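K.L.:
predicted model and sequence follow; I will ask about them next.
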Amino acid sequence: MAKRNIYKGLNSIKFSRYFRDDNDCLEYLSAIKWYDGYKCKRCDNNKYGSGKKSYNRRCTKCRYDESPTAGTMFEKLKFPILIAFHIIFKIGTKKKGMSSLELSHEFELRQKTCWAFKNKVQQVMKSSLKHPLTGVIHVDEFVIGGHEKGKKGRSKGLKKLIVLALEILENGVGRAYAEVIEHSSAEELGAFLRKYVSQEAEIITDKWRGYAPLKKEFVNLKQIPSEEGSNFKELHIHIMNIKGWLRGIHHHCSKEHMQNYLDEYHFRYNRRSNMTTIFDVLVRKMVDINVNT
Ligand SMILES: [Zn+2]
């Protein structure tokens, strides 16, 4: 099997040289799409000839002509695929990503168009849930929007309640995940931990009663007093960073989309020491997401 060329790097000048036009992008997509070999979608035949357009593949039996974008998130784009590649590169590799407003200025597209495309990119930034957090994990909830006092009762009114888990390493912090929840109930907190944290992890939370019933399932869960947050310093720095990011570039973030932004934030955050392949990871997921369904 031919090895695929994986684009690596963070330099936008080099990126522009590597992808000069739509054909370069189509070639890249076709290498991903048919990496495991060609198989006709209609009749399962595995022989093909060239199709109507460059990088299309036409089945030798039923003549079905398939483009590299068919059935992927790149299908029926409202702008050139080269621009889509640039948007993915920017969103993935800029430390703070880019808002739809910034994208619309940079690429001279309507903000709505950028927003819709960015939404697709955010979909593939969701965790694969294949690599749960391990080791020492700090967990807490926080509120975004409105005043943040009155945390005691943990009622949130119209604000958004978020639960966050962060790996604490010997010299710093590791990966993190966050999710929007309705209530700080054992049920919802448990569902969050089950999804993102390994069962053997040493989970440390404050004294909130919602965590107590979870000790049966997460045998290493320990509750300690928060002491005004001083026992969860790293966690609170992380929360401040998320809030700052949301304030800085996302002015109107609805409740429905908050989860997308949390996923986007942590997608980059969890790859911060391994940024050079982010572009390829995103493109691959945007191709594969529909190929496999
Ligand atoms: Zn066929």
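P.N.:
That came through fine.

K.L.:
run through the stretch 1-150 of the chain and note the low-pLDDT ranges.
P.N.:
The stretch 1-150 of the chain contains residues with pLDDT under 70 at 1-2, 146-150.

K.L.:
can you give me the helices in it?
P.N.:
Listed in chain order, the helices of the stretch 1-150 of the chain (DSSP state H, counting those that start in this stretch) span 12-18, 22-33, 81-93, 100-107, 111-123.

K.L.:
wait, which of those is closest to the ion?
P.N.:
Relative to the ion, the nearest member of the helices of the stretch 1-150 of the chain by C-beta to the ion is helix 22-33, separated by 15.6 Å. Where you see a C-beta, it was placed from the backbone N, CA and C, and this is true even at glycine.

K.L.:
which strands and helices sit next to that closest one?
P.N.:
In terms of contacts (3 or more C-beta pairs under 8 Å, 6 or more residues apart in numbering; DSSP states H and E), helix 22-33 is packed against helix 81-93, helix 278-291.

K.L.:
among those, which is the most enclosed?
P.N.:
Burial among the helices and strands packed on helix 22-33, expressed as mean neighbours by mean count of other C-beta atoms under 10 Å, is greatest for helix 81-93, which shows a mean of 21.

K.L.:
what's that one packed up against?
P.N.:
Packed next to helix 81-93, using 3+ C-beta pairs under 8 Å, 6+ apart, are helix 12-18, helix 22-33, helix 100-107, helix 111-123, helix 278-291.

K.L.:
make TSV out of those and add distance to Gly229.
P.N.:
As requested, the helices and strands packed on helix 81-93 are arranged in TSV below (distance: least, C-beta to C-beta, whole Å):
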stretch	distance to Gly229
helix 12-18	39
helix 22-33	45
helix 100-107	33
helix 111-123	30
helix 278-291	32
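
K.L.:
just put the ones you listed in JSON lines and tack on distance to the ion.
P.N.:
Conversion of the helices and strands packed on helix 81-93 to JSON lines gives the following (distance: least, C-beta to the ion, whole Å):
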{"stretch": "helix 12-18", "distance to the ion": "33"}
{"stretch": "helix 22-33", "distance to the ion": "16"}
{"stretch": "helix 100-107", "distance to the ion": "37"}
{"stretch": "helix 111-123", "distance to the ion": "28"}
{"stretch": "helix 278-291", "distance to the ion": "16"}
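
K.L.:
which one of the helices of the stretch 1-150 of the chain is the most hemmed in?
P.N.:
When the helices of the stretch 1-150 of the chain are scored by mean count of other C-beta under 10 Å, the highest mean neighbour count falls to helix 81-93 (a mean of 21).

K.L.:
from the chain's centre, how far out does it sit?
P.N.:
When C-alpha coordinates are averaged (C-alpha atoms, centre = their mean, to the nearest Å), helix 81-93 and its chain have centres 15 Å apart.

K.L.:
check contacts around the residue nearest the centre of the chain.
P.N.:
A centroid search over the chain (C-alpha atoms, centre = their mean) returns Met125, at 1.7 Å, as the residue closest to the centre. Contact analysis of Met125 by C-beta atoms under 8 Å, 6 or more residues apart in numbering lists 260, 263-264, 267, 282.

K.L.:
what about the strands in the stretch 101-250 of the chain?
P.N.:
Secondary structure of the stretch 101-250 of the chain (DSSP state E, counting those that start in this stretch): strands at 136-144, 160-169, 172-181, 202-205, 222-223.

K.L.:
hang on, the earlier thing: quick one: closest of the helices and strands packed on helix 81-93 to Arg175.
P.N.:
helix 278-291 (14.7 Å; C-beta to C-beta).

K.L.:
residues in contact with the closest one: which ones?
P.N.:
Outside of helix 278-291, the residues within contact range by C-beta under 8 Å, 6+ apart are 6-8, 15, 28-29, 32-33, 71-74, 85, 88-89, 91-93, 120-121, 123-125, 268, 271.

K.L.:
any idea of the mean pLDDT in it?
P.N.:
In this model, helix 278-291 carries a mean pLDDT of 87.

K.L.:
specify the angle between that helix and helix 111-123 in degrees.
P.N.:
90 degrees (axes from the mean of the first three to the mean of the last three C-alpha atoms, to 10 degrees).
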